[in-house]
Every structure is written in structure tokens, then in C-alpha cells.
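In: quick one, structure for this:
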Amino acid sequence: GIWARRESVRPYRYLKLKIIRETGGYNGKLVLNEIRFYSGVVSQNEVPSHGYKMVSPRTPYPQVVSCSSFENQDSHCYKAFDGIDDAPGNAWVTKAVGSKDHVLSDPQWVVVDMGVDRGVHPTSIRITCDVGNTGAHANATTDAAIDPVTKGCPMTFAVSGSYDNIKYSTVYTRDLYDYD
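Out: Numbers count the residues shown, from 1 in each chain. Just a heads-up that it's a prediction; the model follows:
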């Protein structure tokens, strides 16, 4: 859905997604195939746009993606912004930080720097996670014991914006804990 938001004076150069709770299954490890921010109310524009999908942590210039953790270079956080949301194994995979009652022992975050003189007023987000790794994508009619819950996904998270990567303003928060 589209968020109710405060209008900032200028667009945010930095967008940060901070994840506090996860759906479980991987001991605090998140598996995020794609994160898509959108701006606009009547017409939703994807950010980064199609021509600016990430192919490395610093490419395409001037964008930069950084994060709290990743398992290895094949699961770096820039993979969550590469435009590929339906390929198993193509994901930002965080280190398993452990969790208790779905609360991560060390909240995980990712920051997208849009670059100098570039910015965005985010109005919504779409997160694709754990594609191809759980029973949620299996044929449930053949095995009644398949767990239909996608694992390693955000359950409680916040989106913040910043002009300087120091002071952040919360743009949106979501807590899906009660929908477990």
C-alpha cells in the first residue's frame, strides 16, 4: 500500500531498511531476493529505476549499497537491488545472528546511497524473500506437513531517510508480529 507520509523539504539521498524481527527458520539469517522502493502516489516509480539496478556494491555509479552483514560475496546486499526477484540463490543473505521469539539478536540493515544531487521521497516498499528455499513454494497438495511460512523474511522493519547518512528520519514502520 501507499504510506501516509510527511513531506520532507528535499528528497532523501539515503534510504535505510532496518529489520528487527524475522519469520524464523534460519537462526536469525535473512534471505532477501529483492527490495524495491517506490516514490509517487498516483504513478509509482521504482527506485532505483530499471537502468540503475545494482551489479556490484558500487555500480552503477553514483549509487552505493552497504549493509550490516552478508554471508559471502555471492550473497552481498547489493543483490537485493539487482532487479532479479525470482531466482533462487540470487539474494542478500545475512549472517545468522540468532533470534529469540523472532527478535534478531543484532538488527540487520541495508542502506542505499542514491548519490550526490539524487534523492527520493519513498512512498512504498516491496520485499521479495526466500524464493525457492521453503515449503511455501512447494506443492502443498502432496505433503500436508510442508510448512507454508516463508522463512528468513522481515517481520518487523522500518524505512528511514537521510540527507547526510548520519541523522535519519523514520518514513515507515511495519510490525507483522501479530500475524505469525
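
In: from now on I want contacts and neighbour counts done on CA atoms only, so please keep to that.
Out: Fine.

In: top strand in this protein by residue count?
Out: Using DSSP state E to define each element, the chain has its longest strand at strand 103-113.

In: what sits against the residue nearest the centre of the chain?
Out: What sits nearest the mean C-alpha location of the chain, by CA atoms, centre = their mean, is residue 35, with 4.3 Å. Counting by CA atoms under 8 Å, 6 or more residues apart in numbering, residue 35 makes contact with 80-81, 125-128.

In: any chance of a PyMOL selection covering the buried ones in those residues?
Out: Filtering the contacts of residue 35 down to the buried ones (16 or more other CA atoms under 10 Å) takes a single PyMOL command:
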select buried, resi 80+81+125+128
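
In: which residues sit against the worst-scoring helix or strand of the chain on mean pLDDT?
Out: Across the helices and strands of the chain, mean confidence by mean pLDDT, DSSP states H and E is lowest for strand 99-100: a mean of 86. With CA under 8 Å, 6+ apart as the test, strand 99-100 has contacts from 24, 27-28, 105.

In: which residues touch the closest residue to residue 53 other than its chain neighbours?
Out: Once flanking residues are discounted, residue 53 sits nearest to residue 82: 4.8 Å by CA to CA, 6 or more residues apart in numbering. By CA under 8 Å, 6+ apart, residue 82 lies in contact with 34, 53-55.

In: again with residue 33
Out: 79-80, 84-88, 90-92, 127-131.

In: can you tell me which of these are buried?
Out: Taking 16+ other CA under 10 Å as the criterion, what is buried in the contacts of residue 33 is 79-80, 84-85, 90-92, 128-131.

In: partners of the least confident helix or strand of the chain, with directions?
Out: The pairing partners recorded for strand 99-100 under DSSP bridges are strand 103-113 (antiparallel).

In: buried sites along the strand it pairs with?
Out: Result for strand 103-113 [16+ other CA under 10 Å]: buried residues 103-104, 107-113.

In: endpoints of stretch 20-32, how far apart?
Out: 14 Å (CA to CA, to the nearest Å).

In: and that stretch, how far out from the chain middle?
Out: 12 Å (CA atoms, centre = their mean, to the nearest Å).

In: ok, and what's touching that stretch?
Out: With CA under 8 Å, 6+ apart as the test, stretch 20-32 has contacts from 80, 91-99, 102-108, 127-130, 149-157, 177, 180.

In: ok so, going back, shouldn't the residue nearest to the centre of the chain be within a helix?
Out: No. In this structure, residue 35 is strand, not part of a helix, as judged by DSSP: H, G, I helix; E, B strand; the rest coil.

In: how about it: what's its closest non-neighbour residue?
Out: Nearest to residue 35 is residue 127, by CA to CA, 6+ apart, at 4.6 Å.

In: brilliant, that's me finished.
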